[in-house]
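Student: fold the following.
(one chain, ligands or ions: 2)
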Amino acid sequence: MFKLFKTILKAGEPTVKYPFKPMDVAPGFRGKPHYDATQCIACAACTSVCPANALTMETDLASGERRWQLFLGRCIFCGRCEEICPTRAIVLSEEFELAVTRKADLYVKATFHLQECRVCHQPFTAKKSVDYTMALLAHSGLDADAVEALRPKFETCPDCKRRQNLQNNRDLRLSHDSGREHQ
Ligand code: SF4
Ligand code: SF4
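Tutor: Ligands and ions are numbered 1, 2, ... in the order given. Predicted coordinates:
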């Protein structure tokens, strides 16, 4: 009996005092995704890789808004959103206590304004995506005036850009042909 007590004392305390003491998690633990809307550019990359469909994004052309949403009730803590996010707006935290008393508390939501095309006036992307692309150019060393001069291009939708390019090519060909006729 005495031997048994000695062994127990030697082994120490095998259990933890949780929830009376905080519980340490292992390095690399994947807990609740933490989302920072100020960092998010509403690019939708995370929503397209989320295997559990916990992340969704909807675009409302009528109100000119894009709505991002995370439903924690579906999240499987795989971390794919963190891997793909270009701005680290979503990262997995060490938080694992997710119980809530209202279902509404399992949602994380954010709303973004859409950028209207300068030509056709249709919303086509999030304003923040445009600002982010321009900020990247400035960061890469292009001077501020040159970046600002590119703004009309960034604020034109892909369809209108394609039409403008076709028109430019046509004009170029016509001026080239008329140049040859006058030789
Ligand atoms: S951790 Fe996985 S399941 Fe959860 S939101 Fe991110 S991609 Fe979706
Ligand atoms: S990938 Fe990142 S920046 Fe893009 S929508 Fe998701 S959280 Fe926002």
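Student: next helix or strand past the longest strand anywhere in the chain?
Tutor: Looking across the chain with DSSP state E, the single longest strand is strand 107-116. Scanning forward in sequence from strand 107-116 by DSSP states H and E, the next helix or strand is strand 123-126.
Student: given that next one, what are its sheet partners and their directions?
Tutor: Strand 123-126 sits in its sheet next to strand 107-116 (antiparallel), going by DSSP bridges.
Student: got the buried residues for the partner strand?
Tutor: Of the residues in strand 107-116, those buried under the neighbour-count criterion (16 or more other CB atoms under 10 Å) are 108, 110, 112, 114, 115, 116. In this view, the C-beta of every residue, glycine as well, is placed from N, C-alpha and C.
Student: ok, now which ones touch the third one?
Tutor: Contacts of residue 112 were listed using CB atoms under 8 Å, 6 or more residues apart in numbering, and they are 40, 42, 65, 66, 67, 68, 126, 127, 128.
Student: pull the distance from stretch 123-134 to the chain's centre.
Tutor: 12 Å (CA atoms, centre = their mean, to the nearest Å).
Student: kindly apply the preceding question to stretch 13-29 instead.
Tutor: Counting by CA atoms, centre = their mean, stretch 13-29 comes out at 32 Å from the chain centroid.
Student: follow-up on the earlier one: as TSV, the buried residues of strand 107-116 with distance to residue 76 and pLDDT would be great.
Tutor: Compiled in TSV, the buried residues of strand 107-116 are given as follows (distance: CB to CB, whole Å; pLDDT from 0 to 100):
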residue	distance to residue 76	pLDDT
108	16	98
110	21	98
112	26	98
114	30	97
115	33	97
116	37	96
